[in-house]
Structure formats: structure tokens, C-alpha cells
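J.: This is the structure alone, sequence omitted:
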């Protein structure tokens, strides 16, 4: 019997900032990849898919607790990895129990998109998931290899296009500072080029935060990794924007708690505005360290 959230959510829960007011259904536990050197989000969890009957019980539990749920986010790190027929059954039950729901979203990994056919992706889109969040991290193969992402830039581009072809909205994230004080030029330039190629609906730029228990944190303690400072981070962001050339609207955000300079706009029309804001901040040395920023 489910009596509280402790009976529903296993471990710490994570969701994108834009899902702050969404109902979170944990249909998988952990991340199907869970090997990235910078990420600690699911290190304490062994990945598995919750049984369908358990998921339905949890949906029923939330229906009793929540009067209205316009948006629902499927956690943990990769709900899209669930076999298609089972995922469609979950989506159908959500629609039945929460008829007012207008948007269902999920994290996705390259694996979960790769293993599904075009037809399967279309069925999932028609079944209710409309928005996928994908952590691309970098548009440079050497960076992806260094952080153990398990995928190449070309593969990422192809899989993002595959998802867009099926009708999904895409929200992708990249990380600045991931190389620390090492030359980040190729990372920034190629990240801008990848964004230009796939033209996602939303782009988020995050700043690396070193987390205890990760390989990258261990490298930092050994002196093998040196953190970039705020000015370097902002210049890296500037270089990414300089190399974004899109025709269709892309909402751009660098206003996460990890970022040194809050930026927001829609490309291509706001490109010069964003670059001007960065230039002014650098000239005035108006780069600040948020008090609540983690290491």
C-alpha cells in the first residue's frame, strides 16, 4: 500500500528547471548510461524499470493527492528506454487518470532513441510524450570521449534529428567549463556548430559543477583538473553563441543557478543582443559568483 512519497520515489529526484511545477512520476530508477565522469545524480542507484502495476498504483496515488496536473515529467534519467509497448501502456493510463494533462516530458539518452525505430518513436509521440530533454554536453568528440558520454557528435546529431522527425520538441543542454583551464576553443566552436546542425527547440548552457564521488572530482583533488574562472566561462559561452547559425527559432538560455552571467533570448534574432550583453559584462568585469553555487 502506498501511503507517502517515501513509498513512491526511490532516492533523490531530479528534473529540469522548466519542470518545477510538473507532477513527477518515477517510472524508471537511475540512468541507463550512468557513466559520465562529471555526473553524480544517479551514482547511488542501480538502473531498473519499475513494474507496470507499481507504476499504475503510483499514478493512482498521485491522482488522490493532486487536484490538477497540467504537466507530467517522467523520471528518472531515461524513461524513454522503457520498451515501447509498456511505455505506451503507461502513457495511456496517465491520459485516463489525468485527462487534464496537456504535456508529458522525459529525459532521453542516445541509447533510448537509438534502440527505437522511427515508427516506435512516432507512436510514443502520439501516445503523449511531446518534449524530450537530452544532455549533449559538447559538440566536440574529444570532450565526449573524455567525459565518457558513450556517443560521438555525429551519432548525437543523427539521433536528435531522428527524434525531431518523429515530432518531439527537443531541449538540449551543453556544459561550459568542462575542460577547466585547458583550451576549450574546439569544444565551444563545435558546440555552436552542432546546435546549428540540429536546430533544437531549446538550448540550455550549464556551468560545470564538480561533484564529490565523480571521476572528474577525483581529478580535481589530484591537481589533474583546474577549474576555469568566471571570465573564462563567459568567454567560452560567447564563443558558442558566435558559432550558432540557425534559420528556425531556437530558445537560448544560460540562466541556471550554475551560470555566472544570466542570458536569455531566441536565436537567430537575439544573437547580437546576447553577444553585446556578454561584451558589456566583460568590459565592466560584471561577472559574479553566486553565493549558492556549488563547487
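T.: It's in. All figures in this text were calculated on a predicted structure; none of them were measured in a lab.

J.: List the buried residues of stretch 240-257.
T.: The neighbour-count check on stretch 240-257 (16 or more other C-beta atoms under 10 Å) flags 240, 241, 243, 244, 246, 250, 252, 253, 254, 256 as buried. Placement of C-beta: from N, CA and C, glycine included.

J.: which of the residues you listed lies closest to residue 83?
T.: residue 250 (32.0 Å; C-beta to C-beta).

J.: residues contacting the nearest residue to residue 179 once chain neighbours are set aside?
T.: Among residues not flanking residue 179 along the chain, residue 187 sits closest, at 5.9 Å (C-beta to C-beta, 6 or more residues apart in numbering). For residue 187, the contacting residues are 138, 139, 140, 142, 143, 178, 179, 236, by C-beta atoms under 8 Å, 6 or more residues apart in numbering.

J.: Inside helices: which ones of these?
T.: The helices, defined by DSSP state H, take in 142, 143, 236 from the contacts of residue 187.

J.: Could you turn the buried ones of these into a PyMOL selection?
T.: Only the buried entries of the ones in helices among the contacts of residue 187 go into this PyMOL selection, using 16+ other C-beta under 10 Å:
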select buried, resi 143+236
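
J.: So which of the ones in helices among the contacts of residue 187 is the closest to residue 276?
T.: Relative to residue 276, the closest of these is residue 236; by C-beta to C-beta it sits at 17.4 Å.

J.: For the nearest residue in space to the closest one that is not next to it in sequence, list each beta-bridge partner.
T.: Once flanking residues are discounted, residue 236 sits nearest to residue 176: 4.5 Å by C-beta to C-beta, 6+ apart. Counting by DSSP bridges, residue 176 forms beta bridges with residue 207.

J.: Does residue 47 touch residue 11 like I think?
T.: No. Judged on C-beta atoms under 8 Å, residue 47 makes no contact with residue 11 at a distance of 11.4 Å.

J.: tell me, what's touching those two both at once?
T.: 29, 30.

J.: Contact partners for the residue nearest to residue 236?
T.: Contacts of residue 176 by C-beta under 8 Å, 6+ apart are 184, 188, 205, 206, 207, 208, 228, 233, 236, 237, 240.

J.: Correct me if wrong: the fourth one contacts residue 259.
T.: Yes. Counting by C-beta under 8 Å, residue 206 touches residue 259, with 7.1 Å between them.
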